[in-house]
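Colleague: Sequence and predicted structure are below.
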Amino acid sequence: MMPRYEQLEHTADLALRIYGQDLSELFANAAYAMFCQLADLEHIGLSMQRHVRVEGTDYESLLVNWLNELIYLHETRGEVYSSFDIHELSPQGLQATVSGERSEDIHTIIKAATFHDLAIHGTDSGYEATIVLDV
Amino acid sequence: MVSKKELKRIEDYLWEIPLGYRSDMRVPARIYADDVLLEAALQDRSIVQLINTACLPGVVKYTLAMPDIHQGYGPPIGGVAAMEIEEGVISPGAVGYDINCGVRLMSSALEAEQIKPLMGEIVHALYDRVPSGVGRGGDVRLSRRDMDDVLERGSGWVVAQGYGTKDDLEHTEERGALAGARVSAISDRAKERGSRQLGTLGAGNHFVEVGEVVDIYDEEVAQQFGLFRGQLVLWIHTGSRGLGHQVCTDYVKSMQQAVTKYGIRLPDRELVCAPINSPEGQEYVAAMACAANYAWANRQMLMHRVRMTMDDVLAPHFKDRAFKLVYDIAHNIAKVEDFVINGRTTKLVVHRKGATRSFGPGHPALPADYRAVGQPVLVVGTMGTASYVMVGTAEAAEKSFASSCHGAGRVMSRRAAQRQVRAEELQGRLAQQGITIRGRWKGLAEEAPEAYKDIDRVVNVVHKAGLARKVARTVPLGVIKG
């Protein structure tokens, strides 16, 4: 089975390679990978749902904006999300429902998702993206 | 990756990637390093990032890497790029997400030896009373009006609330408030992220350290800075917290369109930028100043907590404590400063990302008591190694846009550090060296001393290259990490 993501070497920050059979799965796995760095998702329940809408100019900017939207919600609401259901996805916009719960058991502060070295590629088995998070 | 043979050695500690190495470079890229530090810089993508930064419109003379350079996003950490005001751009990614991350140093009237028996109590009290770590807000909740005041007035607002002195402001870069801050440039989201974080440390490499001055290299300057051998000192390292992170996020996003509008071609989208004199550029300048002011207010508030805590613990034992701010400096910021370019005094916007300002003697921006000797340049090490107080030089203006290094610089990824270091073992090892540490296990392992370069080597390069001179060396006795 294709892994959802892997962590790459980066001297100071967090670099993640994300995989997905299609773009919706890629976006969901990117969010999952990011929250895996923040908390132990096995212990996060799904009692809270939030509807999320994000705009972009292309898939790359949409991916950065999506992750930064979730960082903002996480930091201001004190919530951790572990399930990501993408309803609509185009280069200009994304709609999703994210599920999780309030948690104080957090490992790391992620300041932001960056555009650095960001690229979304089609592969034989779907899509992959590399993203650098400032920690 | 760039190889060593493609670099030209300009001076003993200065290397250059010449113009033309890549066709999109506008100026050469220069690296201050010795052979060992250069090898370290060549191991990751930091030099490529420095070259990318040399492609930005309006960049002047050369982009620079300090000897603590390492890979970041956009420019490298330890990178300096100066732009002309008329033709140049300002780049939020070249300042970074933690706007005005910086350091302050407090001196005291105490000998470190006297307080060593109390170190356990001190570290415990600091860990208890300084809000740190992830998800931990402070006990200050700012009203909307207070928030606006913090953004416009920085440290001055905190001092006006009774949390500090006028002398603290005198010894803070920009007196703790950058001009040009305009609250309307800040999103509600940024304010929301900052509303409960004033006076908090955060996580990552941020810390409060109780240290001892062990070496003095320049007696006259040390005396001027109020430092003496054997002295108890305190370091505070933090920045603008979620507010600054959101400001950078907001402007990296909005400037994606500006790049198209102004026809700017970039080798890395994280270097997104806008002409300094454009409406987009000016809006970021106003927002960055607000975030910088929040960071200074944050460090002022934190220092107040640290002072109160130290006073509470030490008052029963020592009458004369006198915790005084030596200086506070930013190391992630863009500043408008005057430099002589082609014989003419020119205003430049100097981006310093993981780099410290290093003004020499006589500079009008320095507080009156330091003007004759130069600006304190504060270089912080790890929880197990030394930190340095240096002093700015006149020649740094010509060599490095008056910039110097900011720390040791990472050499090992966080993941590798977690694999190689067990936090319990690290705590025990540091305890044997007489250093008490408190923090979360994961954060401690990631920030282990072996994840960083040798700070003594970094500082020696800076000293020998003339970017700043060594004044004093401190070692940690107690550290609290976020």
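Modeller: Noted; the coordinates are in hand.

Colleague: who touches the residue nearest the centre of chain A in this structure?
Modeller: In chain A, the C-alpha nearest the mean C-alpha coordinate belongs to residue A:31, at 1.8 Å (C-alpha atoms, centre = their mean). Going by C-beta atoms under 8 Å, 6 or more residues apart in numbering or on different chains, residue A:31 touches A:66-67, A:70, A:81, A:84, A:98. Glycine gets a C-beta too; all of them are placed from N, C-alpha and C.

Colleague: and if you look at residue B:244?
Modeller: Residues in contact with residue B:244 (C-beta under 8 Å, 6+ apart) are B:97-101, B:291, B:294-295.

Colleague: could you redo the last one with a cut-off of 7 Å?
Modeller: Residue B:244 makes contacts with B:97-100, B:291, B:294-295, as judged by C-beta atoms under 7 Å, 6 or more residues apart in numbering or on different chains.

Colleague: Look at it and tell me its secondary structure.
Modeller: Three-state call for residue B:244 (DSSP: H, G, I helix; E, B strand; the rest coil): helix.

Colleague: per-residue confidence for it?
Modeller: What the model reports as pLDDT for residue B:244 is 98.

Colleague: Could you measure from it over to residue B:175?
Modeller: When distance is defined by C-beta to C-beta, to the nearest Å, residue B:244 is 19 Å away from residue B:175.

Colleague: How about residue B:84?
Modeller: 27 Å.

Colleague: picking up where we left off before, confirm that the residue nearest to the centre of chain A sits in a helix.
Modeller: Yes. With three-state DSSP as the criterion, residue A:31 is part of a helix.

Colleague: Please tell me how far it sits from chain B.
Modeller: 16 Å (C-beta to the nearest C-beta, to the nearest Å).

Colleague: Okay, buried residues for stretch A:46-61 please.
Modeller: Applying a neighbour-count criterion of 16 or more other C-beta atoms under 10 Å in any protein chain shown, one finds A:52, A:54, A:56, A:59-61 buried in stretch A:46-61.

Colleague: got the contact list for residue 102?
Modeller: Here I'm looking at chain A. A:78-79.

Colleague: nope, chain B please
Modeller: B:239, B:295, B:299, B:328-331.

Colleague: So residue B:354 sits against residue B:406, correct?
Modeller: Yes. Between residue B:354 and residue B:406 there is a contact at 5.2 Å, judged by C-beta atoms under 7 Å.

Colleague: where do the contact lists of the two overlap?
Modeller: With C-beta under 7 Å, 6+ apart as the test, residue B:354 and residue B:406 both reach B:78, B:331.

Colleague: Okay, and residue 82 sits in which element?
Modeller: With no chain named, the answer covers chain A. Using DSSP states H and E, residue A:82 maps to strand A:79-90.

Colleague: Switch to chain B, please.
Modeller: Per DSSP H and E: strand B:77-84 holds residue B:82.

Colleague: Next: residue B:460.
Modeller: helix B:455-465.

Colleague: Other residues contacting that helix?
Modeller: B:12-14, B:32-34, B:36-37, B:67-68, B:379, B:381, B:385-386, B:388, B:390, B:404-405, B:408-409, B:468-470.

Colleague: average model confidence for it?
Modeller: Averaged across helix B:455-465, the pLDDT comes to 98.

Colleague: and what of stretch B:375-384?
Modeller: Mean pLDDT, computed over stretch B:375-384, is 96.

Colleague: Does chain A have contacts with that stretch?
Modeller: No. Stretch B:375-384 is not in contact with chain A by C-beta under 7 Å from any C-beta of the partner chain; minimum separation 13.5 Å.

Colleague: quick one: that stretch to chain centroid distance?
Modeller: What separates the centre of stretch B:375-384 from the centre of its chain is 9 Å, taken as C-alpha atoms, centre = their mean, to the nearest Å.

Colleague: how about the helices of chain A, start to end?
Modeller: Using DSSP state H, the helices assigned to chain A run over residues A:23-38, A:59-77.

Colleague: Helix A:59-77 and the first one, what's the angle between them?
Modeller: When axes from the mean of the first three to the mean of the last three C-alpha atoms, to 10 degrees is applied, the directions of helix A:23-38 and helix A:59-77 differ by 40 degrees.

Colleague: what angle sits between helix A:23-38 and strand A:79-90?
Modeller: 160 degrees.

Colleague: follow-up on the earlier one: after the helix holding residue B:460, next one along is what?
Modeller: According to DSSP H and E, the helix or strand after helix B:455-465 is strand B:468-481.

Colleague: That next one pairs with which strands, parallel or anti?
Modeller: As defined by DSSP bridges, the strand partners of strand B:468-481 come to strand B:207-216 (antiparallel), strand B:387-392 (antiparallel), strand B:436-438 (parallel).

Colleague: Buried residues, the first one. List them.
Modeller: Under the neighbour-count criterion of 16+ other C-beta under 10 Å, strand B:207-216 has B:207-213, B:216 buried.

Colleague: now that strand: mean pLDDT?
Modeller: For strand B:207-216, mean pLDDT rounds to 98.

Colleague: pull the CA atoms of that strand into PDB?
Modeller: Only the C-alpha atoms of strand B:207-216 are listed here, as PDB (Å, rounded to 0.1, in the frame of the first residue of the first chain):
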ATOM      1  CA  PHE B 207      14.500  29.600  25.800                       C
ATOM      2  CA  VAL B 208      15.300  31.400  29.000                       C
ATOM      3  CA  GLU B 209      18.800  30.700  30.200                       C
ATOM      4  CA  VAL B 210      20.500  31.500  33.500                       C
ATOM      5  CA  GLY B 211      24.200  31.800  32.700                       C
ATOM      6  CA  GLU B 212      27.600  32.800  34.000                       C
ATOM      7  CA  VAL B 213      30.100  35.100  32.400                       C
ATOM      8  CA  VAL B 214      33.200  32.900  32.200                       C
ATOM      9  CA  ASP B 215      35.500  34.900  29.900                       C
ATOM     10  CA  ILE B 216      36.100  38.500  29.100                       C
END
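
Colleague: what's next to that strand, contact-wise?
Modeller: B:112, B:122, B:126, B:130, B:201, B:222, B:227-237, B:306, B:383, B:387, B:472-481.

Colleague: Tell me the residues on the stretch 1-150 of chain B that lie near chain A, please.
Modeller: Residues of the stretch 1-150 of chain B lying near chain A by C-beta under 7 Å from any C-beta: B:44, B:70-74, B:77, B:97-98, B:134-135.

Colleague: can you do 8 Å?
Modeller: Counting by C-beta under 8 Å from any C-beta of the partner chain, the positions of the stretch 1-150 of chain B adjacent to chain A are B:44, B:46, B:70-74, B:77, B:93, B:96-98, B:134-135.

Colleague: Show me which of these are buried.
Modeller: Neighbour-count burial within the residues of the stretch 1-150 of chain B next to chain A applies to B:44, B:46, B:70-74, B:77, B:93, B:96-98, B:134-135; the criterion is 16+ other C-beta under 10 Å.

Colleague: quick one: which of these sit in helices?
Modeller: Residues of those located in helices (DSSP H): residue B:46.

Colleague: now for the buried ones among the residues of the stretch 1-150 of chain B next to chain A, which pair is the farthest apart?
Modeller: The most widely separated members of these are B:46 and B:135, with 31.2 Å between them, by C-beta to C-beta.

Colleague: For residue 101, give me the pLDDT.
Modeller: Using chain A. At residue A:101, pLDDT is 97.

Colleague: Let me rephrase: I mean chain B.
Modeller: For residue B:101, pLDDT reads 98.
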